[in-house]
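K.L.:
Predicted model and sequence below, questions to follow.
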Amino acid sequence: MLVDSPREKHTDAAPLRRGRRALRGVGLLAAVGVLALVAVVSLAVGAKPLSVEQVWHGLFQNSGSYGDVVVGERLWRTLLGLLAGAALGLSGAVLQALTRNPLADPGLLGINTGAAAAVVTGLTFFGADSLTGYVWFAFAGAAAVGVLVYVLGGSRGATPVRLALAGTAVNAALYGYLQAVMITDDAALGKMRFWTVGSLASANSTTIGQVLPFLAVGTVLALGLARPLNAVAMGDDTARALGAHLTRTRALSMLAATLLCGAATAACGPIAFVGLTVPHAVRSFTGPDLRWILPYATALAPVVLLGSDVIGRMVARPAELQVGVVTAVIGGPVFIYLVRWRRMAQP
């Protein structure tokens, strides 16, 4: 009986690996192309539909006409959708890898609730009644909760289970505080009801300028953690054997997720299911390698967010549904399908 030598097996496997990398690369380029198409649709669709020629004119030959003004307003909205969607997708993928839980998302560790609780505090006790005023409260709340969860989870001795339990406990406590303040303060309830749903409608250059530095740092940090998180996903003992620094990787992962999710939540409110569903769906195509999951999540999460925003503008013309409502309505059934499909696909 003939037995293949290790060298022959390696030679046979190399073309297969190259083929898979090429396929994933083509898929990533296709995802970027879909993202560009959805961005154009976001500029064209609204209470007043615009043609591609009008969108082009408004972007590059702005003459101050009504169509050009509309394109300018939608440009900031689309840009915020791109940035916030990428941030939510990246933070969700990082947290799922950090906790070794495919059902994890920014809400699991209480980051969204921390931002909302801080905004309610700013509205009720500090008079922060504008988006520019409370965006910093939202980010400070998200950052504070990120640090608190990391400390309660054990700091240097943090484990995925401890982080998840600490996040659940903090999330429950803050949610109770949030509801208590909003119930007892009608003014806070009135001001918060749209922000807590999640919306891109109030996007402007000031808001984007405030959160852009945090999004940039968080994105670079998250993408740079792909290899260490791949090692962490194999278990603590294996990660140590591979030379991974567990404490540093977990601390930097918490920092990246807090920067990304905190900035996105501060700019457009807590938006559900994007950070949960997109990385979960991407993993079914890329496998567990975060070197591919993170770029795919960065490209496809904005597609989901902007696509949901476009749907919200179309179904209730001339009014619109908040994007947070649309992502919840669409994301829930899609996520259930993904979970059931993956379960049925297992032998």
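P.N.:
Now that the structure is in, tell me what you want to look at.

K.L.:
phi, psi of residue 242?
P.N.:
Backbone torsions for residue 242, taken as degrees, to the nearest 10, come to phi -80, psi 0.

K.L.:
Can you give me every residue that contacts it?
P.N.:
With contact set as Cβ atoms under 8 Å, 6 or more residues apart in numbering, residue 242 has these partners: 231, 234. (Each C-beta comes from the backbone N, C-alpha and C, glycine too.)

K.L.:
do you know how far the nearest residue to residue 128 once chain neighbours are set aside is from residue 34?
P.N.:
Sequence neighbours aside, residue 122 is the residue nearest to residue 128 in space, at 3.6 Å (criterion: Cβ to Cβ, 6 or more residues apart in numbering). Residue 122 sits 37 Å away from residue 34, going by Cβ to Cβ, to the nearest Å.

K.L.:
Who has more neighbours out of these two?
P.N.:
residue 122 (21 against 15; other Cβ atoms under 10 Å).

K.L.:
So which residues make contact with whatever helix or strand that one lives in?
P.N.:
Secondary structure from DSSP states H and E places residue 122 in helix 111-125. Applying Cβ under 8 Å, 6+ apart, the contact partners of helix 111-125 are 91, 106-107, 128-129, 133-134, 137-142, 144-146, 170-171, 174-175, 177-178, 181-182, 185, 187-188, 191-192, 195-196, 257-258, 261-262, 265-266, 269-270.

K.L.:
ok, now stretch 20-38?
P.N.:
82, 285-286, 292, 295-296, 299-300, 302-303, 306-307, 310.

K.L.:
for it, which positions count as buried?
P.N.:
Neighbour-count burial for stretch 20-38 flags 24, 27-28, 31-32, 35, 38 (criterion: 16 or more other Cβ atoms under 10 Å).

K.L.:
What values do phi and psi take at residue 47?
P.N.:
According to degrees, to the nearest 10, residue 47 has phi -60, psi -30.

K.L.:
circling back to that earlier point, so of the contacts of stretch 20-38, which ones are in helices?
P.N.:
In this view, the contacts of stretch 20-38 that belong to helices under DSSP state H are 82, 285-286, 292, 295-296, 299-300, 302-303, 306-307, 310.

K.L.:
Output these as JSON lines; include the columns neighbour count and pLDDT.
P.N.:
Below are the ones in helices among the contacts of stretch 20-38 laid out as JSON lines (neighbours: other Cβ atoms under 10 Å; pLDDT from 0 to 100):
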{"residue": "82", "neighbour count": "20", "pLDDT": "96"}
{"residue": "285", "neighbour count": "14", "pLDDT": "84"}
{"residue": "286", "neighbour count": "21", "pLDDT": "88"}
{"residue": "292", "neighbour count": "21", "pLDDT": "93"}
{"residue": "295", "neighbour count": "22", "pLDDT": "95"}
{"residue": "296", "neighbour count": "23", "pLDDT": "96"}
{"residue": "299", "neighbour count": "24", "pLDDT": "95"}
{"residue": "300", "neighbour count": "25", "pLDDT": "95"}
{"residue": "302", "neighbour count": "28", "pLDDT": "96"}
{"residue": "303", "neighbour count": "23", "pLDDT": "96"}
{"residue": "306", "neighbour count": "25", "pLDDT": "95"}
{"residue": "307", "neighbour count": "21", "pLDDT": "94"}
{"residue": "310", "neighbour count": "22", "pLDDT": "93"}
